[in-house]
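> Predicted structure and sequence below. I'll ask about it afterward.
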Amino acid sequence: MIHSIKLPFYAKLALVLVSLISFAFIFCIGKDIITPVLMAFLFAVLLVPIFTFLHTRLKFPRHLAAACCILIFALFIIGILVFISYQVSDIANDFETIKKNANSFITDIHNFIKDKFHVSIGEQKKYLDTVTKDSVQNGKATIGSAILSISDLLLDCTIIPIYTFLFLLYKDHFILFLAKLINKEDHSALKDILSQIKVSINNYILSLIFEMIVVSILTGLGLWIIGVKYFVLLGLITGILNMIPYIGILIAGIITVMASLTGTPETSIILGILIVNIIVQFIDNNILVPLIINSKVEINAFVSIMGIIVGGAAAGISGMFLAIPLLAILKIIFDRIESLEPWGYLMGNHMPKRFTWRIRKLKAEN
């Protein structure tokens with residue numbers, strides 16, 4: 001246990017809040033630099049067992065072992081992208097069918113609105129033309145933002161593997177640096193913290209991959225049952241996008257609805273897709289996440305949701321993805337520092353059955 005200087009409660013609270021605000025401010029102004037570093041750190045921790053096996057068991061030089069780890073990871077990602085691109089090319093061949101079914105579906109929507117809400121098709125088209133004109137006026141800014149986002153993505157795809165390679169290469173160097181920061185009598189606590197961080201991150205990422213596989217299988221099976229074409233690809237896309245909290249499943253649903261138009265424009269198929277997504281999300285949120293994710297990181301739902309919202313506001317999708325593992329790291333650190341232990345408990349998912357105040361009564365002096 002790392003001991004700290006005894007301070008009044010208000011002083012400790014002020015220092016904790018100032019530290020959190022400072023870290024948040026630094027992250028916000030430097031998110032473009034810090035986010036790729038944190039992503040690379042997570043990937044490096046995940047690849048440490050492979051690096052250790054290659055370097056220790058097979059006697060690979062450190063540079064070669066780190067390079068092999070990056071190559072294995074890159075081949076895994078490229079394999080998924082190649083499979084998706086191969087399937088997408090098949091969907092592209094059905095573009096004319098999609099266009100035809102989409103027009104038929106839009107016509108059915110127009111007729112439904114006309115019958116139920118008594119809005120003529122002409123008025124609906126006039127409203128859509130107005131919205132289209134507004135979209136065209138803002139098109140340049142949207143295109144500029146899209147190009148900037150794509151360039152940032154390409155830069156991250158280049159720099160993250162480099163950072164991951166360097167983390168693996170200088171792993172012992174960074175550990176020695178941390179050891180030099182604290183007293184020797186606290187090295188056992190530091191070793192415990194680093195060990196728990198490694199275990200927590202590995203468990204979280206592996207659990208996330210397992211959750212992705214289960215969601216992909218369940219979604220693909222559901223889409224196959226209702227007769228959606230390309231159900232394997234759409235199930236995989238849903239599983240991958242499901243790793244993005246909140247918005248991922250919405251994007252996957254839109255993609256699935258668009259892809260379903262390769263077969264038929266029937267509204268029943270689209271309703272079936274919505275029902276499949278709702279059922280899979282119910283299973284995911286109420287069974288998979290509590291059993292697989294929350295049990296590994298030991299972060300309660302309230303803190304998780306707040307962390308995801310703050311991460312998304314600070315760094316977008318990357319911040320939402322990084323929120324849970326960073327919270328898990330903070331909890332591990334808080335649990336092992338005496339003055340911060342209450343904050344670690346606040347972040348945890350332990351729920352006492354009941355709490356009883358234990359107030360020691362002072363004996364009256366005779």
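That came in fine, so what should we check first? Just so it is clear, the structure is predicted and the values come from calculations on it, not from any experiment.

> only C-alpha atoms for contact and neighbour calcs from this point on.
Fine.

> so what does the helix or strand harbouring Ala259 touch, helix or strand wise?
In this structure, Ala259 sits in helix 247-260 according to DSSP states H and E. Contact here means 3 or more CA pairs under 8 Å, 6 or more residues apart in numbering; DSSP states H and E; on that basis helix 247-260 packs against helix 231-241, helix 267-283.

> So which of those helices is nearest Ile332?
In terms of CA to CA, the element of the helices and strands packed on helix 247-260 nearest to Ile332 is helix 231-241, at 27.8 Å.

> What ranges does the stretch 51-200 of the chain have for its helices?
62-93, 95-117, 121-137, 139-169, 171-181, 187-226 (DSSP state H, counting those that start in this stretch).

> how much does the last one deviate in direction from helix 171-181?
When you say that, I think you mean helix 187-226. Angular relation of helix 187-226 and helix 171-181 on a 0 to 180 degree scale: 130 degrees, by axes from the mean of the first three to the mean of the last three CA atoms, to 10 degrees.

> How about the first one?
Helix 62-93 runs at 120 degrees relative to helix 171-181, counting by the same axes, to 10 degrees.

> for helix 62-93, what is the average pLDDT?
For helix 62-93, mean pLDDT is 83.

> Now do the buried residues in it.
With burial defined by 16 or more other CA atoms under 10 Å, the residues of helix 62-93 counted as buried are Arg62, Ala65, Ala66, Ala67, Cys68, Cys69, Ile70, Ile84, Ile91.

> can you pull the contacts of the residue nearest to the fourth one when sequence neighbours are not counted?
Nearest in space to Ala67, with sequence neighbours left out and distances taken as CA to CA, 6 or more residues apart in numbering, is Phe165 at 6.6 Å. Neighbour list for Phe165: Ala44, Ala66, Ala67, Ile70 [criterion: CA atoms under 8 Å, 6 or more residues apart in numbering].

> what's the nearest residue to the first one if we skip its chain neighbours?
Closest residue in space to Ala44, ignoring its immediate chain neighbours: Thr164 at 5.2 Å, by CA to CA, 6+ apart.

> The one you found - how many residues pack around it?
Other residues within reach of Thr164 by the criterion other CA atoms under 10 Å amount to 25.

> same thing with Ser188?
The criterion is other CA under 10 Å. On that basis, Ser188 has 13 neighbouring residues.

> and it, what pLDDT?
Taken from the predicted model, the pLDDT recorded for Ser188 is 87.

> what separates it from Ile182, distance-wise?
Taking CA to CA, to the nearest Å as the measure, Ser188 and Ile182 are separated by 11 Å.

> closest to Phe177 among the contacts of Phe165?
Ala44 (17.5 Å).

> Using the three-state scheme, assign that closest one.
When the structure is split into helix, strand and coil by DSSP: H, G, I helix; E, B strand; the rest coil, Ala44 lands in helix.

> hang on, isn't it packed against Tyr170?
No: checked against CA atoms under 8 Å, the pair Ala44 and Tyr170 is beyond contact range at 10.8 Å.
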